[in-house]
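**Student:** got a structure for you, letters missing:
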């Protein structure tokens, strides 16, 4: 940081405090009601015309800066509005928000113990606890910048586990690798295939049933077919909580197929992973979760941890480091004055890595495991209640007859289309705009 006068530092600190007061007044102390808008919507060009976005040669005064902060609040989506129900996240848990503030104020890079001692230890212990909840006796893990990157970690580890030589010599040494995922799975699986050089066309999509669950027999058939064509299955992505229907695949059946074909089983539980904390709903949606080789979970979704908060976990010790290490000796020397196993940078895709663990740990400490379980159970209960209302409401029709995760999907049929024969033309007229998915 450039050297500043004492007076200048005081002014800058004052601005920070004024911004904190603005947040407290406009966001924390006056949460929006149902009667208020979720967003003061403007089209992109209207927003550009309304707000001073351009960068200036000379700096602004603090009054002008506060006005811009107010604009940021005014024209942003209010995730704390009770009517904000169509995304897989919502307003941040207050304890998690406090963790985010503390994290930002300390501005720490989580890559070595010497740079972030408190957070390095905290991350390892919290990940160990989650692995225990999953049912693994050992393993490893890391906080990742979002579920998509977490899924990329999984695919990269699966490749390294089967063909470690690919790390240095490339995919050409591996033969024709193929991955498998359901046709309801998140698009990040195909993006991961692109990023690691596998190619999106080498992700084979497997059919799902009417509930959005991957059909195990179709997966087995797809693997057998791929092998007969000279391809090499190496990775299967199963899902706990698909984006639209909230479906969870049969992890027991998928696990047996993966074992049969010697293939890495990953579970994308970015959405449904919070069900791990519920004794009731874990049994229903996560049976066989311990069979997975790796798992991704986003507490910033159902639990409301502040964005972003993603855990990547694997049952294998040291594989993250073996796969991702580049042996940067200027950072990761082995002759340090402390136990260097606590340096995490060599097992990460990143060097600069944000501290994301505090926002989850603080809310977990504040609410306890029982409190988090209550949050999950209550969300599931509210989804069932909402489904019961939809069933009885004229013009509304459920897409599937059960709630999965906390997703409630339905069509709204306008009066002009009710009571008619549901032909192909009828469905076209109804249109995709009549389909609604709410996440409670």
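**Tutor:** That came through, no problem. None of these values were measured; they are calculated from a predicted model. Numbering: from 1, shown residues only.

**Student:** How is the protein divided into domains?
**Tutor:** 6-84, 102-364, 368-439 (automatic domain parsing).

**Student:** highest average neighbour count across those?
**Tutor:** Comparing those by mean neighbour count (mean count of other Cβ atoms under 10 Å), domain 102-364 comes out on top with a mean of 19. For every residue, glycine as well, the C-beta is placed using N, CA and C.

**Student:** want to try CSV for the domains of the chain, with mean pLDDT as columns?
**Tutor:** Shown next, in CSV, are these (pLDDT from 0 to 100):
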stretch, mean pLDDT
domain 6-84, 93
domain 102-364, 94
domain 368-439, 90
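
**Student:** Any chance of a markdown table for those domains, columns distance to residue 90?
**Tutor:** Formatted as a markdown table, the domains of the chain follow (distance: least, Cβ to Cβ, whole Å):
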| stretch | distance to residue 90 |
| --- | --- |
| domain 6-84 | 5 |
| domain 102-364 | 6 |
| domain 368-439 | 9 |
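
**Student:** Out of these, which gets nearest to residue 92?
**Tutor:** Closest to residue 92 of those is domain 102-364 (Cβ to Cβ; 3.8 Å).

**Student:** Span of that closest one from start to end?
**Tutor:** Start-to-end span of domain 102-364 (Cα to Cα, to the nearest Å) is 16 Å.

**Student:** Helices of the protein, residue ranges please.
**Tutor:** Counting by DSSP state H, the chain has these helices, from start to end: 6-23, 44-50, 62-74, 94-106, 117-134, 147-162, 166-169, 188-195, 216-228, 251-261, 279-285, 319-324, 357-392, 424-430.

**Student:** List the contacts of the residue lying closest to residue 166 once chain neighbours are set aside.
**Tutor:** Computed as Cβ to Cβ, 6 or more residues apart in numbering, the closest residue to residue 166 that is not its neighbour in sequence is residue 174, at 5.2 Å. Residues counted as contacts of residue 174 (Cβ atoms under 8 Å, 6 or more residues apart in numbering) are 159, 162-163, 165-166, 232, 234.

**Student:** Look up how far residue 201 lies from residue 174.
**Tutor:** Distance check for residue 174 against residue 201: by Cβ to Cβ, to the nearest Å, it reads 16 Å.

**Student:** do you know how far the closest residue to residue 297 other than its chain neighbours is from residue 267?
**Tutor:** The shortest distance from residue 297 to any non-neighbouring residue, by Cβ to Cβ, 6+ apart, is to residue 273 (3.1 Å). Counting by Cβ to Cβ, the gap from residue 273 to residue 267 is 8 Å.

**Student:** overlap in contacts of the two?
**Tutor:** Overlap between the contact sets of residue 273 and residue 267, as judged by Cβ under 8 Å, 6+ apart, is given by 240, 295-296.

**Student:** Specify which member of the residues you listed is nearest to residue 6.
**Tutor:** The nearest one, if we look at the shared contacts of residue 273 and residue 267 relative to residue 6 and count by Cβ to Cβ, is residue 296, at 47.4 Å.

**Student:** What separation do you get for the closest one and residue 181?
**Tutor:** When Cβ to Cβ is the yardstick, residue 296 and residue 181 sit 13 Å from each other.

**Student:** same deal with residue 303?
**Tutor:** The span separating residue 303 from residue 181 equals 25 Å under the rule Cβ to Cβ.

**Student:** ok now the longest strand along the chain, how far from the chain's centre?
**Tutor:** With secondary structure taken from DSSP state E, the chain has its longest strand at strand 232-239. The gap between the average C-alpha position of strand 232-239 and the chain average comes to 19 Å, counting by Cα atoms, centre = their mean, to the nearest Å.

**Student:** cool, stretch 416-436 as well?
**Tutor:** Relative to its chain's centre, stretch 416-436 lies at 34 Å (Cα atoms, centre = their mean).

**Student:** Contacts for it, please.
**Tutor:** Residues contacting stretch 416-436 (Cβ under 8 Å, 6+ apart): 86, 395, 399, 409-414.

**Student:** give me that answer again for 7 Å
**Tutor:** 395, 410-413 (Cβ atoms under 7 Å, 6 or more residues apart in numbering).

**Student:** now stretch 28-37
**Tutor:** Under the contact criterion Cβ under 7 Å, 6+ apart, stretch 28-37 has outside partners 78, 80-83.

**Student:** Same list (the residues you listed) but as JSON lines, adding distance to residue 143.
**Tutor:** Formatted as JSON lines, the entries for the contacts of stretch 28-37 read as follows, by distance: Cβ to Cβ, whole Å:
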{"residue": "78", "distance to residue 143": "27"}
{"residue": "80", "distance to residue 143": "25"}
{"residue": "81", "distance to residue 143": "28"}
{"residue": "82", "distance to residue 143": "30"}
{"residue": "83", "distance to residue 143": "31"}
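
**Student:** which one of those residues is nearest residue 106?
**Tutor:** Lowest distance from residue 106 to the contacts of stretch 28-37 (Cβ to Cβ) belongs to residue 80, with 25.6 Å.

**Student:** from memory the closest one sits against residue 89, does it?
**Tutor:** No: using Cβ atoms under 7 Å, residue 80 makes no contact with residue 89, being 11.4 Å away.

**Student:** From residue 34, how far out is the closest residue to residue 94 other than its chain neighbours?
**Tutor:** The spatially closest residue to residue 94, leaving aside those adjacent along the chain, is residue 28, at 7.7 Å (Cβ to Cβ, 6+ apart). Counting by Cβ to Cβ, the gap between residue 28 and residue 34 amounts to 19 Å.

**Student:** just residue 294 next, same as before
**Tutor:** As it turns out, when the distance is counted by Cβ to Cβ, residue 294 lies 41 Å from residue 34.

**Student:** Equivalent analysis for residue 94, please.
**Tutor:** From residue 94 to residue 34 the distance is 21 Å (Cβ to Cβ).

**Student:** for residue 245, what are its contacts?
**Tutor:** 184, 211-212, 400, 404, 407, 409.

**Student:** Strands - which of these land there?
**Tutor:** Members of these lying in strands (criterion: DSSP E): 407, 409.

**Student:** And the contacts of residue 245, which is closest to residue 70?
**Tutor:** Lowest distance from residue 70 to those (Cβ to Cβ) belongs to residue 407, with 35.3 Å.
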